[in-house]
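[1] Turn this into a model:
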Amino acid sequence: MKKLSFLLSAAVLTLMLGACSNEEASKGEEKEEPAAEATETEAADEAKEVRSALLNYQGEVTKVIRNTDANLTAEGQDPAEAAAAFEKEAKAVSVPEELTDYTKDIEAAVDSLSQYYAKKAELVKAGSEDMAEAEPFKEEYINSMTKVFKEVELSAPAFNSVFQ
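    You can find the predicted model right below:
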């Protein structure tokens, strides 16, 4: 009888230990799930900030582009001065901190746009209405910025509609 009671006690003790360890394991899993959800939420918030910063930056550059296009063809305005003003104004629009991963591409795009306006100013000053020589620089800008928009998972704007 003592042997049977000892075996029965051992079996009950084993079941109790097994049940307790399952509860502790499930509590540990519950703690891990909120941490994973928090990480996903933080990543989504960060992605939203990056997209917002890119859209704001592009809006500022669009203003500079439209202003420059208007000045290039304005009466009494020196096209070379308008192109130089573009470069100064475009460089004044700083790349937001949220876009540090894309700074190289964005700066390359702005450089292409500066070359576009320099070439366009040269052609306007020469009296040419054919801007085909300047177009490759504009296309470089569009391609570089489209790449950045795709990398942050945003649809790229219709860049051609920005230019006159």
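
[2] check contacts around E40.
    If you count contacts by C-beta atoms under 8 Å, 6 or more residues apart in numbering, E40 has none. All C-beta spots, glycine's among them, are computed from the backbone N, C-alpha and C.

[3] Find the helix or strand that it is a member of.
    Element membership for E40 (DSSP states H and E) is helix 2-72.

[4] Mind listing residues that contact whichever helix or strand comes after that helix?
    Downstream of helix 2-72, the first helix or strand assigned by DSSP H and E is helix 79-92. Residues from elsewhere that reach helix 79-92 (C-beta under 8 Å, 6+ apart): 61, 64-65, 67-68, 71-72, 74, 110, 113-114, 117-118, 120-122, 124-125.

[5] likewise stretch 150-164?
    Contacts with stretch 150-164, where a contact means C-beta under 8 Å, 6+ apart, come from 47, 50-51, 54-55, 58, 62, 65-66, 69-70, 73, 102, 138, 141-142, 145-146, 149.

[6] circling back to that earlier point, buried subset of the contacts of helix 79-92 as a ChimeraX selection?
    To isolate the buried ones among the contacts of helix 79-92 in ChimeraX, judged by 16 or more other C-beta atoms under 10 Å, type:
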select :61,64,65,68,71,72,110,113,114,117,118,120,121,124
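
[7] Could you check how far V152 is from E107?
    For V152, the distance to E107 (C-beta to C-beta, to the nearest Å) stands at 16 Å.

[8] more neighbours, the two?
    Set side by side, V152 and E107 show more neighbours around V152, with 18 against 14, by other C-beta atoms under 10 Å.

[9] From D101, how far out is that one?
    From V152 across to D101, the span is 9 Å (C-beta to C-beta).

[10] got any ranges where this structure has weak pLDDT?
    The model of the chain has pLDDT under 70 over residues 1-38.

[11] hmm, 80 instead?
    1-40, 43, 73, 164 (pLDDT under 80).

[12] Buried residues of stretch 120-139, list them for me.
    K120, A121, L123, V124, A134, F137, K138.

[13] Can you give me the end-to-end span of it?
    For stretch 120-139, the first-to-last residue distance is 13 Å (C-alpha to C-alpha, to the nearest Å).

[14] contact partners of that stretch?
    Under C-beta under 8 Å, 6+ apart, the answer for stretch 120-139 is 72-73, 78-80, 82-83, 112-113, 115-117, 119, 163.

[15] Now the phi/psi pair for D130, please.
    Note on D130: its backbone torsions stand at phi -90, psi 110 [degrees, to the nearest 10].

[16] That's all I had, so thanks and see you.
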